[in-house]
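# Below are the sequence and a predicted model for it; my questions follow.
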Amino acid sequence: MTDHQAPFDALALRSALGAFVTGVTVITTQDASGKPHGLTANSFNTVSLDPPLILWSQSKKAGSYDTFQQAAEFAISILAEDQIEVSARFASKQPDKFDGVTVERAFCGLPVIAGASAWLYCRTVSRVDGGDHTIYIGEILKIARSGRRPLVFGGGQYLLAQPHHAAMHSATVPTGARQRHAVQLCTPHMQRIAEELDITICAAVWGNAGPTLISWETGPTSVLPSFPLGLVLPVTSSATGKAFAASLPPATTGPFVERELAAALVPQAEAAQQWQATLAQVRASGVALHPPTRFWNDEMLITVACVAVRGSDADAIVAMSAVVDSALPPPVLERACDKLKEAAAKIERLLGFQAELTPAGFLS
C-alpha cells in the first residue's frame, strides 16, 4: 500500500468507502401523532452483543431528522434481495415514502417492511454527534428473521449476496454437484480477468453433446461476440474442445473426435496424427488456442485461448476461455493466458486436484 498524502475530494472519498460492502436497511419510527417516518441507511453496524447494541447514522439534513432526534424507539428492516425499489423509495425525498409499500406493525408496534430479511426493534440509548451526521446507538429489544437473502450494496450499486464457494471444501460437495461447484468457483475469477483486460471470458462444461457454453463475463467496454448460452462446440476445432480433450479420458471424448476427424479434408490417418500433436501441445503449455476466426455468424474476428480446470480425479470439470478481439495487440492474449492459468491453478487446489496423481503420459 502506498502512503497517499494528496488531498481527496468528496467523490473520491465516496468511491473509496464504497469498496466496503454493506447490507441495506430501512430505519422506521413514528412521531407523537403516530405518523410513520423512515429512511434508507447502509450505515448500520453492530456495537455489542452483551448488551445487544447496534448503531446507524442519519444526515442532519434529512427530512425526518427532528423526528428521530425525539424518538425513544425505532425499528430496523434489513431488506431482502428483491427490495431494491423499497430501498430507492425510502432514500428519496418523496413526501409519503410509505405509499404503496407493504408494512407490518405486529412485530413491535412500529411500521416495518414486510418481506424483509430480518427485523430489529430497538430503544434509543444515545445520540452522538458525527460531523454532518448523528450516530444513533440502540439497544435491541426484539428480533425476527425471515431467512430471505439480504440486499447488498457496494461500489455505488446493488449486489447479490451469494455464498463464497472458495470456503467450501471439495470433500463436502456431493458428487453430482461437482460441476456446479466448479463453475461457481470460476465465476469471480472470470469477472476479475474480464474487467482487468476488458475482454470476454467464457465458461463451458462437458455435456451430453460435448463442450457446452454455459456462462460468460464481459469487460467494461468489450464487445461480446454473438454466441448463445447452451452452444455446443466442436471438439477438434475449438479451443474449448481441445482443452477438454487434453484433460479428459479418451473414452469420454473419443466418439466425438472420431466423428469429427472422419469428416476432415485430409486423410484420416494424417488427421489423427495432427490431432495427437495438438493434444501434446495443449498438455505441454496448459493452454488450448484457436487461431483468429469469425465465430457463430458474427462479423467479429476473434482469437480464443482456453484452460481446463481439473478436479480431484484429474479430469477437467470446467473450461475457461478468453475471447479476444484479434485486432488487439498480442500481449492482451498473452496476459489472458497467464491469468487463466493462474486462476485455474487456484481453483484446482480448492477442488482437490493433485498433479502428482495424474496418470503418467496423460497430462503434463
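Looks like it arrived, so ask away. These numbers were taken from a predicted model, which means no experiment stands behind them.
# Run through the helices of the stretch 251-364 of the chain in chain order.
268-285, 330-350 (DSSP state H, counting those that start in this stretch).
# And this protein, what are its domain boundaries?
10-159, 166-357 (automatic domain parsing).
# Bridged to residue 23, which residues?
Following DSSP bridges, residue 23 is listed with bridge partners residue 152.
# follow-up on the earlier one: which one of the helices of the stretch 251-364 of the chain lies nearest to residue 64?
Closest to residue 64 of the helices of the stretch 251-364 of the chain is helix 330-350 (C-beta to C-beta; 46.9 Å). Where you see a C-beta, it was placed from the backbone N, CA and C, and this is true even at glycine.
# For that closest one, output the C-alpha coordinates as PDB.
Only the C-alpha atoms of helix 330-350 are listed here, as PDB (Å, rounded to 0.1, in the frame of the first residue of the first chain):
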ATOM      1  CA  PRO A 330      -0.700  -9.800 -28.900                       C
ATOM      2  CA  PRO A 331       0.200  -9.000 -25.300                       C
ATOM      3  CA  VAL A 332      -3.500  -8.900 -24.400                       C
ATOM      4  CA  LEU A 333      -3.900 -12.600 -25.300                       C
ATOM      5  CA  GLU A 334      -0.600 -13.500 -23.600                       C
ATOM      6  CA  ARG A 335      -1.800 -11.800 -20.400                       C
ATOM      7  CA  ALA A 336      -5.100 -13.500 -20.700                       C
ATOM      8  CA  CYS A 337      -3.400 -16.900 -20.900                       C
ATOM      9  CA  ASP A 338      -1.300 -16.200 -17.900                       C
ATOM     10  CA  LYS A 339      -4.300 -15.100 -15.800                       C
ATOM     11  CA  LEU A 340      -6.400 -18.100 -16.900                       C
ATOM     12  CA  LYS A 341      -3.600 -20.500 -15.900                       C
ATOM     13  CA  GLU A 342      -3.100 -18.700 -12.600                       C
ATOM     14  CA  ALA A 343      -6.900 -18.800 -11.800                       C
ATOM     15  CA  ALA A 344      -7.200 -22.400 -12.900                       C
ATOM     16  CA  ALA A 345      -4.400 -23.400 -10.500                       C
ATOM     17  CA  LYS A 346      -6.100 -21.700  -7.600                       C
ATOM     18  CA  ILE A 347      -9.400 -23.300  -8.300                       C
ATOM     19  CA  GLU A 348      -7.900 -26.700  -8.800                       C
ATOM     20  CA  ARG A 349      -6.400 -26.600  -5.300                       C
ATOM     21  CA  LEU A 350      -9.800 -25.900  -3.900                       C
END
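# the inter-axis angle of it versus helix 268-285?
Here helix 330-350 runs at an angle of 80 degrees relative to helix 268-285 (axes from the mean of the first three to the mean of the last three C-alpha atoms, to 10 degrees).
# Give me the contacts around helix 330-350.
Applying C-beta atoms under 8 Å, 6 or more residues apart in numbering, the contact partners of helix 330-350 are 166, 169-170, 182, 185-186, 189-190, 193, 196-197, 199, 201, 286-287, 303, 305-311, 320-322, 324.
# Out of the helices of the stretch 251-364 of the chain, which is the most enclosed?
Highest mean neighbour count among the helices of the stretch 251-364 of the chain (mean count of other C-beta atoms under 10 Å): helix 330-350, with a mean of 18.
# related to what we said a few turns ago, tell me the buried residues within the contacts of helix 330-350.
By neighbour count, with 16 or more other C-beta atoms under 10 Å, these hold 170, 182, 185-186, 189-190, 193, 197, 199, 201, 286-287, 303, 305-311, 320-322, 324 as buried.
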